[in-house]
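> Predicted model and sequence follow; I will ask about them next.
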Amino acid sequence: MTTERKVDGWIDDIVGAICDPIIVMPGGWGDDLPDWLRKRVTIERLGENIIALNEHRDVTATDAEAACYLFTASLSAPIGSDWVQIYLYVAGGE
């Protein structure tokens with residue numbers, strides 16, 4: 001891979017961290033995400049990009065993104081206790 005392609009990929013990843021949509025459970029609850037959680041997604045995405053770049057690996061989803069999905073899923077239908085535990089873990093942050 002040429003240096004130019006690497007730089008283009010990094011730029012795409014950074015722009016994506018800021019502009020890509022947040023994946024939510026279909027059902028119309030995506031607009032109800034709290035602003036602080038939307039901001040947290042952007043911050044965590046940027047951090048994930050830095051870590052992935054330093055560790056020479058692909059970018060993965062963040063805890064905030066998982067929390068967004070589970071937030072909307074829990075509004076669409078009741079979630080089981082295992083999902084509640086996962087939701088509490090990813091929503092708990094650090």
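Now that the structure is in, tell me what you want to look at.
> What is the least confident helix or strand in the protein?
helix 3-19 (a mean of 82; mean pLDDT, DSSP states H and E).
> Give the other helices and strands that it contacts.
Based on contacts counted as 3 or more CB pairs under 8 Å, 6 or more residues apart in numbering; DSSP states H and E, the elements that helix 3-19 packs against are helix 35-55. To be clear about C-beta, it is placed using only N, CA and C from the backbone, and glycine gets the same treatment.
> contacting residues around the helix it packs on?
Taking contacts as CB atoms under 8 Å, 6 or more residues apart in numbering, the residues outside helix 35-55 that touch it are 10, 13-14, 16-18, 20, 22, 58-60, 62-65, 67-68, 71, 93.
> Quick check: ChimeraX command selecting the buried ones in the residues you listed.
Only the buried entries of those go into this ChimeraX selection, using 16 or more other CB atoms under 10 Å:
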select :13,17,22,59,62,63,64,65,67,68,71
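> Now the residue most central in space within the chain: which helix or strand?
The C-alpha lying nearest the average C-alpha coordinate of the chain belongs to Glu65 (CA atoms, centre = their mean; 2.8 Å). Assigned by DSSP states H and E, Glu65 falls within helix 63-76.
> What lies in contact with that helix?
For helix 63-76, with CB under 8 Å, 6+ apart as the criterion, the contacting residues are 22-27, 29-30, 32-33, 37-38, 40-41, 43-45, 79, 83, 86-87, 89-91, 93.
> And the next helix or strand past it?
helix 81-91.
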